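Colleague: Sequence below, structure please.
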Amino acid sequence: MISFDEARARLFTMAHPLGKEPVALAKAAGRVLAEAVVARVDSPPRDVSTMDGYAVRSADLEEPPVRLRIVSEVFAGADDPGSIASGECARIFTGAPIPAHADRVVVQEVVEKDGDCAVFADAPSPGRNIRVRAGDFAAGTALLTEGTLLGPRQMVAAAAADLAEVTCWRRPRVRLLATGDELADPGSARGRPGAIPESISFGVDALVVRHGGEFCGTLRLGDDLAAMERAAGEALRQSDLVVVSGGASVGERDFAKAAFDPHGLDLLFAKVAIKPGKPVWLGKAAGKLVLGLPGNPTSALVTARLFLAPLVAGLAGRPAAPGDAWTTMVLGSPLGANGDREAFIRARRSDDGRVYPLDNQDSGAQHALAYADVLLRSPAHAQALPAGASVPGIEF
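Modeller: Below is the predicted model of the structure:
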């Protein structure tokens, strides 16, 4: 059994991007760039108006009031904005290209239209109201660097580069094997004596997607070693990462690791000195990663947050799982003394900014799990802490 820090260090040696692939821009949200996004166009592509108004020559407005003949209307997207001569102006709208020889746009609110003329009663304000060509960026500019996570703002920049697709790190394909004779599909457990709803897979699915992976489904298995060996082989062929829930203890029907032995299982670690989640394990089989989670739902979700989330994020090219940095949090209520294993306490963050450890810390609790949005880290043999004390925590 190894420490939490040692287990995570070993895990991070495996958490590297899987490979590059082109991705249509419309499908790229949430992906991570494997290559920089380089602009193919100037933005804007030519001088354009930032206001609705009148394009003019500044020299014509030096001695107001002035009447200028309106010779054209120019709208956004116009191919040819034309030109204006001395004594002329053009009606222009936001985003429209500036006519040749015009060097200013006067906002429409200070101009009076009189037939086919525009009357300028006063000298214009200092602003020219023109966005110059390439004022935002020029063609060839790297707008986004490799490793950028494509969120809403980054998607706007990528589209502005005039790219139909971007090169991203491939999303890891994750498949879950849920083991245990007692498990039943949600909605059917009440019809079979001794059955319980299989709940872990739904949390794992959400966590994998949240951290950049592609969840490829769940296979629910009874405690039959031969069937589990076949399922393990199929999952390894179909996935980059196989997650196994349950079967990690030392009971007569705990076959999680044994199911991967025929496929060359090589363990990186077999147990971790934490509570909950001591049975968590990580290995490689047939060139693929295999992560074993405990069978109790809370233990499974805690260890998934601590181990599966950063593993998926790393395989997806993300520098870290969202919220993976430990930060100092302030207790809103006391935290009890800890035993001989490092503990991860489920807690909720209140509107006052403080964190409150949940009363029910049982490894099988599922109701309380819904209200835990923080994990607090308590070292082995830690003394009790009063309300107001600082404690390291992580988003859950």
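Colleague: so who does R348 touch?
Modeller: Shown in contact with R348 (CB atoms under 8 Å, 6 or more residues apart in numbering): 355-356, 358, 371-374. Any C-beta I mention is one placed from the backbone N, CA and C, and that applies to glycine too.
Colleague: Just the buried residues out of those, in PyMOL syntax.
Modeller: Typed into PyMOL, the line below selects the buried ones among these, using 16 or more other CB atoms under 10 Å:
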select buried, resi 355+356+358+372+374
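Colleague: which SS class is A235?
Modeller: helix (DSSP: H, G, I helix; E, B strand; the rest coil).
Colleague: gap between it and H211?
Modeller: As for A235, its distance to H211 is 19 Å (criterion: CB to CB, to the nearest Å).
Colleague: cool, and E112?
Modeller: 60 Å.
Colleague: Contacts made by stretch 14-22 with the rest, please.
Modeller: 32, 34-35, 165-170, 172, 240, 268, 282, 284, 289, 310-311, 313-317.
Colleague: same question but for stretch 90-100, I mixed them up
Modeller: Against stretch 90-100 from outside (CB under 8 Å, 6+ apart): 46-55, 70-78, 81-84, 102, 105, 118, 130.
Colleague: In the chain, where is pLDDT below threshold?
Modeller: Where the chain drops to pLDDT under 70, the residues are 248-253, 321-323.
Colleague: Quickly list the domain ranges of it.
Modeller: 4-16+171-315, 20-43+138-169, 48-131, 327-395 (automatic domain parsing).
Colleague: which one of the ones you listed is the most hemmed in?
Modeller: domain 4-16+171-315 (a mean of 20; mean count of other CB atoms under 10 Å).
Colleague: Tell me which stretches of the stretch 51-200 of the chain form helices.
Modeller: Under the criterion DSSP state H, counting those that start in this stretch, helices of the stretch 51-200 of the chain are mapped to 152-160, 200-210.
Colleague: how about CSV for the ones you listed, with distance to L18 added?
Modeller: Formatted as CSV, the helices of the stretch 51-200 of the chain follow (distance: least, CB to CB, whole Å):
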stretch, distance to L18
helix 152-160, 21
helix 200-210, 14
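Colleague: what's the closest of these to V244?
Modeller: Nearest of the helices of the stretch 51-200 of the chain to V244, taken as CB to CB: helix 200-210 at 10.4 Å.
Colleague: Run the chain-centre distance for the next helix or strand after that closest one.
Modeller: With elements assigned by DSSP states H and E, the helix or strand that comes after helix 200-210 is strand 214-221. Its chain's average C-alpha position is 22 Å from that of strand 214-221, according to CA atoms, centre = their mean, to the nearest Å.
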